[in-house]
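Enquirer: With the input below, show me the fold.
(one chain, ligands or ions: 2)
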Amino acid sequence: MKEWLIENGIFVTMDEEHPVVRGYMHVVGDRIAYIGPEAPAGVSPDAEKVSGQGLVFMPGMINTHGHASMTLLRGYSDDQVLQVWLQEKMWPMEAKYEAQDVKTGAALAIVEMLKSGTTLFVDMYDRMEVVAEVVEQSGIRGTLMRGVIGLGPEEERRSKLQEAIRFVRDWHGKADGRITAMMAPHAPYTCPPAYIEQFVQAAHDLDVPLHTHMSETIAEVEQNVRDYGARPVEHLDRLGFFSRQALVAHAVHLTDEEIALLAERGVSVSHNPASNLKLASGVARVPDMLRAGVKVSLGTDGAASNNNLDLFDEMRLAALIHKGVSGDPTAVPAIEALRLATVYGARALWRDDLGVLKAGMKADFIALDMEQAHFYPHSDLVSHLVYAANGRDVRHVWIDGRQVVKGGVCTLLDEEKIRRDAQQSFERLING
Ligand SMILES: CSC[C@H]1O[C@@H](n2cnc3c(O)ncnc32)[C@H](O)[C@@H]1O
Ligand SMILES: [Zn+2]
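Expert: Numbers count the residues shown, from 1 in each chain. Ligands and ions are numbered 1, 2, ... in the order given. Purely as a prediction, here's the structure:
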């Protein structure tokens, strides 16, 4: 089994007992075997040694909501509200996507995510088998699902549901367990109630969690009340959506009662601050959700509404906007923002083996270059990681004990080719 020995590093562990460790980390296979101030015993002479000098290590970050292949639409339509952006801009372009575009867009996203320190991403899109192939090749972890818009005729709805089920059967647990799958009706406003119930039943039969967009805009909440006589949270609850493991994206417009219900049902929430600000959707009540015990985590959403996939930006935004909105500078402190991107991300995806650097945990970790002006003086590293750092500071990334970024370069992907292909795909989409 491959072994790594990181020497003389500084580790921001997210482990409450030992938040910062100066010293060594020993990795055996896909797990952390040791982390501590003393040199570990029992290291194989064949272990690959890495000098931690000038580097700060932390757990790989977890992006709990996005649409990777939308990188091709980055910069295509800015400064619109959600419904116009989605219906008049995104959907017509997405209708032109072929499998190769989905693949190239996902590869571009994975390069961007890996290089900026994301080691696990949640992805909802069409033609997910090609996304899964890129995940398999790249070394990243992916929680993937065929997102389904159920506005078409009955026959189309039936076949999309079957595709979503087939994807789970084909890919859940694949790529040495790096790929997991979910069932994902796109949103309560694009899927009729009986159709959502079929997804809940399928998730139950397949024993996988559910994911959807929920309460993203005021218009959505009002439409839900008009169409179904209930706000989205109550509506989904009545359909049994929260009777199983469920992750909802956005959850911007919530009442106190809805927050209490999400906490009671153990629902996970993906907070996507950049996307919510850019589409003028609003600001989610994250401090209230955290106080109530809701399992909040962080997502980027797609690159067409963000417009990058850098979770450092998302962490910083999460720490800043809730101070601004509440007038309370402690609303989301730096350490809480760092938890949102790491250990809370793992919790939101029901993973107790990710998000913390500790013996026994999966060896998913990243190293940032501290020898840069914006990391000086070397003082409170949690503060620097949240308020000063960005994804371009990431030098190395390991997932399952395998180095997938070395010196800022993806070891298993050809970035130059992917960038060329992405440009070609975009030009075909725009001219086609
Ligand atoms: C059916 S695959 C996923 C679908 O979701 C669309 N999408 C991207 N961002 C958002 C968002 O913020 N809210 C709702 N839907 C979104 C994407 O364009 C795909 O069509
Ligand atoms: Zn989304």
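Enquirer: residues making contact with stretch 345-353?
Expert: Stretch 345-353 is contacted from outside by 61-64, 120, 122, 143, 209, 245, 247, 268-270, 295-298, 354-356, 360-362, using C-beta atoms under 8 Å, 6 or more residues apart in numbering. Where you see a C-beta, it was placed from the backbone N, CA and C, and this is true even at glycine.
Enquirer: Among those residues, the buried ones, what's the ChimeraX command?
Expert: Buried residues among the contacts of stretch 345-353 (16 or more other C-beta atoms under 10 Å), as a ChimeraX selection:
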select :61,62,63,64,120,122,143,209,245,247,268,269,270,295,296,297,298,354,355,356,361,362
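Enquirer: near ligand 1, from the contacts of stretch 345-353?
Expert: Restricting those to those within reach of ligand 1 (C-beta under 6 Å from any ligand atom) leaves nothing.
Enquirer: low-confidence ranges in the protein?
Expert: Along the chain, segments meeting pLDDT under 70 are nowhere present.
Enquirer: from it, which residue is nearest to ligand 1?
Expert: Residue nearest to ligand 1 within the chain (C-beta to the nearest ligand atom): residue 147, separated by 3.0 Å.
Enquirer: Dihedrals phi and psi, that residue?
Expert: With angles defined as degrees, to the nearest 10, residue 147 sits at phi -80, psi 140.
Enquirer: That one against residue 184, yeah?
Expert: Yes: the criterion here is C-beta atoms under 8 Å, and residue 147 meets it with residue 184 at 4.8 Å.
Enquirer: How about the residue nearest to the spatial centre of the chain, nearest residue that isn't a chain neighbour?
Expert: Centrality entry for the chain: nearest residue to the mean C-alpha point is residue 63, 1.5 Å, by C-alpha atoms, centre = their mean. Leaving aside its sequence neighbours, residue 63 sits nearest to residue 121 (C-beta to C-beta, 6 or more residues apart in numbering; 4.2 Å).
Enquirer: One more: residue 182?
Expert: Residue 182 sits nearest to residue 145 (C-beta to C-beta, 6+ apart), 4.3 Å away.
Enquirer: Now, the contacts of stretch 345-353 that are in strands?
Expert: The strands, defined by DSSP state E, take in 61-63, 120, 122, 143, 247, 268-270, 295-298 from these.
Enquirer: who are the neighbours in contact with the residue of the chain closest to ligand 1?
Expert: Residue 147 touches 67, 124-126, 184-186, counting by C-beta under 8 Å, 6+ apart.
Enquirer: rerun at 10 Å
Expert: By C-beta atoms under 10 Å, 6 or more residues apart in numbering, residue 147 lies in contact with 67, 123-126, 128, 160, 164, 182-187, 190, 211-213.
Enquirer: Number of residues surrounding the closest residue to it other than its chain neighbours?
Expert: Once flanking residues are discounted, residue 147 sits nearest to residue 124: 3.7 Å by C-beta to C-beta, 6+ apart. By the criterion of other C-beta atoms under 10 Å, residue 124 has 25 neighbours.
Enquirer: Equivalent analysis for the one 5 residues further on, please.
Expert: Neighbour count of residue 129, defined by other C-beta under 10 Å: 16.
Enquirer: about what we covered before: state the distance from the residue nearest to residue 63 to residue 350.
Expert: 16 Å (C-beta to C-beta, to the nearest Å).
Enquirer: Same drill for these two, tell me which one is more crowded.
Expert: residue 121 (28 against 13).
Enquirer: what is that one paired to in the beta sheet?
Expert: Counting by DSSP bridges, residue 121 forms beta bridges with residue 63, residue 142.
Enquirer: That one contacts residue 141, doesn't it?
Expert: Yes: applying C-beta atoms under 10 Å as the test, residue 121 and residue 141 come out as touching, 7.5 Å apart.
Enquirer: Next, show the common contact partners of these two.
Expert: 62, 135.
Enquirer: Determine the set of other helices and strands touching the helix or strand where residue 318 lies.
Expert: Using DSSP states H and E, residue 318 maps to helix 311-326. On a contact count with 3 or more C-beta pairs under 10 Å, 6 or more residues apart in numbering; DSSP states H and E, helix 311-326 meets strand 61-63, strand 118-125, strand 268-271, helix 273-278, helix 286-292, strand 295-298, helix 334-341.
Enquirer: picking up where we left off before, what about the residue of the chain closest to ligand 1, distance to residue 212?
Expert: 9 Å.
Enquirer: Which neighbours do these two have in common?
Expert: 124, 182-187, 190.
Enquirer: Most neighbours out of those, which is it?
Expert: That'd be residue 185 among those, by other C-beta under 10 Å, with 32 neighbours.
Enquirer: for the spatially closest residue to residue 66 that is not a sequence neighbour, helix, strand, or coil?
Expert: Distance criterion C-beta to C-beta, 6+ apart; nearest residue to residue 66, sequence neighbours excluded, is residue 300 at 5.3 Å. Recorded secondary structure, residue 300: coil (DSSP: H, G, I helix; E, B strand; the rest coil).
Enquirer: For residue 300, list the residues it contacts.
Expert: 63-68, 109, 112-113, 116, 118, 121, 270, 272-275, 306-311, 313-314.
Enquirer: need the residues of the protein near ligand 1, please.
Expert: 67, 82, 86, 90, 94, 124-126, 147, 149, 186-187, 213, 216, 275, 301-302, 305.
Enquirer: could you flag which of those residues are buried?
Expert: Of these, these count as buried by 16+ other C-beta under 10 Å: 67, 82, 86, 90, 94, 124-126, 147, 149, 186-187, 213, 216, 275, 301-302, 305.
Enquirer: Please identify which helix or strand holds residue 346.
Expert: Counting by DSSP H and E, residue 346 is found in helix 343-348.
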